[in-house]
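Enquirer: pasting a predicted model and its sequence here:
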Amino acid sequence: MTAQAQIFLPDEIFYELERRAPQLETRSNLIAEALRYFFATHKRDDNSELAQINKYAEELNDEAEDVLGYQVVQ
């Protein structure tokens, strides 16, 4: 199954694409393959903030415990 999409490209990229893949079907295949490659080599990170917190969780928890140690309980 395929879907149709309208995209906007800078002129120089469009002309190079048209030169290298003159047929519409060939052009579509080339773009699809380029996107497959991009998606495979660039991992998607939906939880970037959570990943950062988890990466430094132990350090952040130690710092929080240190700060709480300075609080005066009345």
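Expert: Now that the structure is in, tell me what you want to look at.

Enquirer: out of the helices and strands in this protein, which is least certain?
Expert: When the helices and strands of the chain are compared on mean pLDDT, DSSP states H and E, helix 48-55 comes out lowest with a mean of 82.

Enquirer: report all helices and strands that that helix contacts.
Expert: Secondary-structure packing of helix 48-55 (3 or more Cβ pairs under 8 Å, 6 or more residues apart in numbering; DSSP states H and E): no helix or strand packs against it. Backbone N, C-alpha and C define where each C-beta goes, glycine included.

Enquirer: and the residue nearest the centre of the chain, how close does it get to residue 65?
Expert: Note on the chain: the residue nearest the mean C-alpha position is residue 44, at 4.4 Å, using Cα atoms, centre = their mean. According to Cβ to Cβ, to the nearest Å, residue 44 stands 34 Å off from residue 65.

Enquirer: can you pull the buried residues of the top helix by length along the chain?
Expert: Using DSSP state H to define each element, the chain has its longest helix at helix 24-41. For helix 24-41, the buried set under the neighbour-count rule, 16 or more other Cβ atoms under 10 Å, is empty.

Enquirer: which is the next helix or strand following the least confident helix or strand of the chain?
Expert: helix 57-69 (DSSP states H and E).

Enquirer: circling back: list of residues touching the longest helix of the chain?
Expert: When contacts are defined by Cβ atoms under 8 Å, 6 or more residues apart in numbering, helix 24-41 is touched by residues 2, 7, 17-18, 20-21.
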